[in-house]
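Undergrad: Sequence plus the predicted model coming up.
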Amino acid sequence: MTVEPGAGVFREVMGCFATGVAVVAGMGADGEPRGFTANAVTSVSLDPLLILISVGRSSSSLPALLDAEAFAVSFLRARDREVATRFAVGDRRSRFSQLPWRREVTGSPVLEDALAWLDCSLWKVVEAGDHQVLFGKVEACGLGEAGEPLLYYRGGFGVLGT
Ligand SMILES: Cc1cc2nc3c(=O)[nH]c(=O)nc-3n(C[C@H](O)[C@H](O)[C@H](O)COP(=O)(O)O)c2cc1C
């Protein structure tokens with residue numbers, strides 16, 4: 001069935017593209033970590049090592065990423081639904097409270113319990129409608145203890161095999 005493109009159907013169509021779920025984070029000028037839940041995270045290039053994230057213009061975390069010229073991406077585990085919800089709708093000042101994290105090579109905050117993580121310097125910013133696309137050059141990355149990823153599909157969280 002072909003339908004007239006619009007925001008609603010666009011969301012529905014893109015919702016059929018199952019993704020992982022990540023926390024994207026940077027350090028604010030006040031020395032506090034800032035971060036949000038993201039699934040617009042894509043591998044871009046091997047030489048140099050590049051990824052991209054797409055960040056809404058109204059994101060309160062965006063200035064921290066741009067000012068620090070660096071950000072980190074922590075991939076969430078199947079058990080992290082509460083973390084994903086907290087970083088999407090929870091109070092912005094307390095998202096990191098009681099959640100162990102550390103600063104990595106660029107100084108960006110990485111969740112200690114991440115399934116895997118990337119620490120990036122800001123490589124390029126592209127204006128893209130109501131979002132800004134941030135390309136990150138991977139300065140450090142790593143794997144946590146092996147486990148299942150948290151997934152996002154059709155507007156809800158899921159896990160592999162369900
Ligand atoms: C599964 C999921 C994926 C999301 N992906 C993105 C994303 O890639 N980019 C984005 O800007 N917001 C994304 N959001 C929305 C942000 O998490 C949400 O708007 C958050 O409150 C932004 O926080 P901030 O204003 O502190 O940056 C996503 C939300 C969910 C639940």
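TA: All right, it came through fine.
Undergrad: Report how many residues lie close to Pro5.
TA: By other Cβ atoms under 10 Å, the residues close to Pro5 number 9. All C-beta atoms are positioned from the backbone trio N, CA, C, and that covers glycine.
Undergrad: cool, the one 4 residues further on as well?
TA: Neighbour count for Val9, taken as other Cβ under 10 Å: 11.
Undergrad: Please name the residues that touch Ala140.
TA: Neighbour list for Ala140: Glu104, Val105, Thr106, Leu118, Asp119 [criterion: Cβ atoms under 8 Å, 6 or more residues apart in numbering].
Undergrad: Quickly find the element holding it.
TA: Using DSSP states H and E, Ala140 maps to strand 131-143.
Undergrad: Okay, now the sheet partners of the next helix or strand after that strand, with direction.
TA: Counting by DSSP H and E, the next helix or strand C-terminal to strand 131-143 is strand 151-153. In the sheet, strand 151-153 lines up against strand 19-20 (antiparallel), strand 156-158 (antiparallel) (DSSP bridges).
Undergrad: contact partners of the first one?
TA: Taking contacts as Cβ under 8 Å, 6+ apart, the residues outside strand 19-20 that touch it are Asn39, Val41, Phe75, Leu76, Pro149, Leu150, Leu151, Tyr152, Tyr153.
Undergrad: Send over the helix or strand hosting Met14 as CSV, restricted to the C-alpha atoms.
TA: Using DSSP H and E, Met14 falls within helix 7-15. What follows is helix 7-15, C-alpha atoms only, in CSV (Å, rounded to 0.1, in the frame of the first residue of the first chain):
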residue,chain,number,x,y,z
ALA,A,7,5.2,12.9,9.7
GLY,A,8,2.9,10.2,11.0
VAL,A,9,3.4,7.6,8.3
PHE,A,10,7.1,8.5,8.2
ARG,A,11,7.4,7.6,11.9
GLU,A,12,5.4,4.4,11.3
VAL,A,13,7.6,3.4,8.3
MET,A,14,10.9,4.2,10.2
GLY,A,15,9.5,2.3,13.2
